[in-house]
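Asks: sequence plus the predicted model coming up.
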Amino acid sequence: MSSRKRLTALAALAVVIIGGALVSVPGAVSPTTTVDPINNADTAWMLASTALVLLMTPGLAFFYGGMISRQHVVTTMFQSFIAMGVVSLLWVAVAFSLSFGDSLYGLIGDPRTFFMFKNVGAAPLPALAPTIPLALFALFQMKFAIITPALVTGSFAERIKFSSFVFFMILFTLFVYAPLAHWTWHPDGLLRKWGVLDFAGGTVVHMTAGFAGLAGALAVGRRGDGNHHVIPANIPFVLLGTGLLWFGWFGFNAGSQLAADGGAVTAFLTTNTAAAAAMVAWVLVDVICGRRASALNAAIGSVVGLVAVTPAAGFITVGASVIIGAVAALISNWAVNAQWLKSRLADTLDVFACHGIGGVVGMLLTAVFANKGGAISGDFSLLFKHVTATVFVGFFAFIMSATLYRIVGFISSLTDFDNEPLDDAAADQDEGSPELFAKRSAVHGV
């Protein structure tokens, strides 16, 4: 390792240690703090939901890792796992405050409000979490922030330099995710005050990841050898990842009720039903179009259903969730198999087609089927707001992400030296080769 890289690593370690010291200042989480009364049932449910949402990121690692080429499985999975470390620290330092701190004109949170988790303790904060500790609310929201940049990695899998991805992830969390979370979920946020409904992250997580993935696929480009065909390495990994995602999504959606009540049950039910409807619809479309029904496509279909129902989960009936899941599967299936799109866009794992388009469908159909104010009841004002918000969020996420990729690319190359794959089979044959070690280090960003 070069002296420059050693100094960089030491500096990063120093930031972690100093940050830990700052977190321990008065006002941070303390088990001995005297707190206001809280609802124990809500707290227990939110503890479970927080753990479920965190489980989704390892699930995503298996989901993406199984779909990628054999020689890139570990690198692709590591991109998801590193998000748990980097974003967790960033969230404690300033990202939570940017997302949920005192609103500055509805655009961004004041970074001083909860800087280094100051005043984030066991007491509730009525404006954000009236019946659970604020620290628990912050932890729950942290898991959403973790998985969003991890979702983006599927768009440029096999092609991005690891260190460049980490740099992008930091900038993305601060300048794309945090503002969108504030607009959508803070009581004084721009979209929230306007009346836009996003129960658990159709805009904040899925549209954001999808359009950032679109920008990333365009910025990184195709492989240097021109090859963009991916042979999945391990379908059982994909199925395992799908199971973990589906399981964790109950915390993702039902947990967004922030209470152990009937609303959480509704979100739980609609989440499962939409995933089931989307899986069946995707497989049926494949068979009707002359394609073979496959475990891989069934897994993708169920995830698209989960994506689409996310903004609507707590606002709709179970019947509406069937329609949302099926419609999202039909549209995303078309996008995934559209040759004119695939010939122009090197989106390795179809992040835009599944999360971007799935999130758009979910946001629009939320405005159609919402129990209060939905277009199905004859009121089209909510639909107008959702169309406007969807266009605005899509442009914001795409343009900001494209800008961040340019910044990262200006500082350090986005891709490895030649966009060449690292051959793990060769590695198995000659672990001691200095040339192989140098190639592995370059590709993995070591």
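Replies: In hand now; what should we look at?
Asks: quick check: the gap between the residue lying closest to G201 once chain neighbours are set aside and F199.
Replies: Distances taken as Cβ to Cβ, 6 or more residues apart in numbering put T310 closest to G201, at 5.4 Å, once the chain neighbours are dropped. C-beta here means a position set from N, CA and C on the backbone, and glycine is covered the same way. Per Cβ to Cβ, to the nearest Å, T310 is found 7 Å from F199.
Asks: overlap in contacts, the two.
Replies: N253 (Cβ atoms under 8 Å, 6 or more residues apart in numbering).
Asks: out of these two, which sits in the busier spot?
Replies: T310 (32 against 24; other Cβ atoms under 10 Å).
Asks: please report the distance of the residue nearest to G201 from T208.
Replies: Taking Cβ to Cβ, one finds T310 at 12 Å from T208.
Asks: and the residue nearest to the spatial centre of the chain, how far from L134?
Replies: Most central in the chain under Cα atoms, centre = their mean is T148, positioned 2.1 Å from the mean C-alpha point. Between T148 and L134 the computed distance is 22 Å (Cβ to Cβ).
Asks: separation between V307 and F352?
Replies: Distance, V307 to F352, using Cβ to Cβ: 12 Å.
Asks: what about the two, which has more around it?
Replies: The neighbour comparison of V307 against F352 (other Cβ under 10 Å) goes to V307, with 33 against 29.
Asks: now do the contacts for the more buried one.
Replies: G202, H206, A328, C354, H355, G358, G359, G362.
Asks: let me know the secondary structure of A61.
Replies: helix (DSSP: H, G, I helix; E, B strand; the rest coil).
Asks: residues near it, how many?
Replies: Number of residues near A61 (other Cβ under 10 Å) recorded here: 25.
Asks: test my guess that it contacts M77.
Replies: Yes - assessed by Cβ atoms under 8 Å, A61 is found in contact with M77 at 4.1 Å.
Asks: shared neighbours of these two, which are they?
Replies: What both A61 and M77 touch, as defined by Cβ under 8 Å, 6+ apart, is an empty set.
Asks: returning to that earlier point: now, which of the contacts of V307 sits nearest K161?
Replies: For those, the residue nearest K161 by Cβ to Cβ is H355; the value is 22.7 Å.
Asks: count of neighbours near M77?
Replies: So M77, with other Cβ under 10 Å, has 22 neighbours.
Asks: tell me what the one helix or strand it maps to is packed against?
Replies: If you go by DSSP states H and E, M77 is part of helix 73-90. When contacts are defined as 3 or more Cβ pairs under 8 Å, 6 or more residues apart in numbering; DSSP states H and E, helix 73-90 packs onto helix 40-67, helix 134-152, helix 162-172, helix 434-444.
Asks: determine which two of the contacts of V307 are furthest apart.
Replies: Longest span within the contacts of V307, Cβ to Cβ: G202 and C354, 13.1 Å.
Asks: give me the more crowded residue out of the two.
Replies: Taking other Cβ under 10 Å, G202 and C354 do not tie; G202 has more neighbours (34 against 29).
Asks: now the more buried one: closest residue in space, sequence neighbours ignored.
Replies: P311 (2.7 Å).
Asks: wait, doesn't that neighbour sit right on V360?
Replies: No - if you go by Cβ under 8 Å, P311 and V360 don't touch, sitting 10.0 Å apart.
Asks: which residues of the stretch 51-200 of the chain score low on pLDDT?
Replies: Applying pLDDT under 70 to the stretch 51-200 of the chain flags no residue at all.
Asks: which SSE is S99 in?
Replies: Going by DSSP H and E, S99 is in helix 96-100.
Asks: quick check, distance from the helix or strand following that helix to the centre of its chain.
Replies: Moving toward the C-terminus from helix 96-100, the next helix or strand (DSSP H and E) is strand 103-104. Offset of strand 103-104 from its chain centre (Cα atoms, centre = their mean, to the nearest Å): 24 Å.
Asks: partner strands of strand 103-104, with direction?
Replies: strand 108-109 (antiparallel) (DSSP bridges).
Asks: return the distance of the strand it pairs with from the chain's centre.
Replies: Taking mean C-alpha positions (Cα atoms, centre = their mean), strand 108-109 and its chain are 20 Å apart.
Asks: also stretch 292-306?
Replies: Distance, centroid of stretch 292-306 to centroid of chain: 19 Å (Cα atoms, centre = their mean).
Asks: next: stretch 230-240.
Replies: 20 Å.
Asks: buried set for the helix or strand that contains V327?
Replies: Element membership of V327, judged by DSSP H and E, is helix 318-337. Neighbour-count burial for helix 318-337 flags 320-333, 335-337 (criterion: 16 or more other Cβ atoms under 10 Å).
Asks: I'd like the next helix or strand past that helix.
Replies: Taking DSSP H and E, what comes next after helix 318-337 is helix 339-342.
Asks: run through who's touching that following helix.
Replies: In contact with helix 339-342 (Cβ under 8 Å, 6+ apart) are residues A335, A353.
Asks: quick check: next helix or strand after it?
Replies: That would be, after helix 339-342 and using DSSP H and E, helix 351.
Asks: quick one: mean pLDDT over the helix or strand hosting A308.
Replies: Element membership of A308, judged by DSSP H and E, is helix 295-309. Here helix 295-309 scores 97 as its mean pLDDT.
Asks: quick one, that helix and helix 134-152 angle?
Replies: 130 degrees (axes from the mean of the first three to the mean of the last three Cα atoms, to 10 degrees).
Asks: so how far is helix 295-309 off the chain centroid?
Replies: Worked out by Cα atoms, centre = their mean, helix 295-309 lies 15 Å from the chain centre.
Asks: tell me which residues in that helix are buried?
Replies: Per 16+ other Cβ under 10 Å, helix 295-309 contains these buried residues: 297-309.
Asks: what does the helix holding M77 contact?
Replies: Against helix 73-90 from outside (Cβ under 8 Å, 6+ apart): 16, 19, 54, 57-58, 60-62, 64-66, 68, 95, 142, 145-147, 149-150, 153, 157-158, 162, 165-166, 169-170, 173-174, 233-234, 237, 422, 424, 443-444.
Asks: can you turn the buried part of those residues into a ChimeraX selection?
Replies: In ChimeraX, this line selects whichever of the contacts of helix 73-90 come out buried by 16+ other Cβ under 10 Å:
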select :54,57,58,60,61,62,64,65,66,68,95,142,145,146,147,149,150,153,157,158,162,165,166,169,170,173,174,233,234,237,422,424,443
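Asks: and K372, how many neighbours?
Replies: K372: 9 neighbours (other Cβ under 10 Å).
Asks: so how far is A370 from the nearest residue to it once chain neighbours are set aside?
Replies: Nearest residue to K372, sequence neighbours excluded (Cβ to Cβ, 6+ apart): F315, at 7.5 Å. Per Cβ to Cβ, F315 is found 4 Å from A370.
Asks: with that, I have no additional questions.
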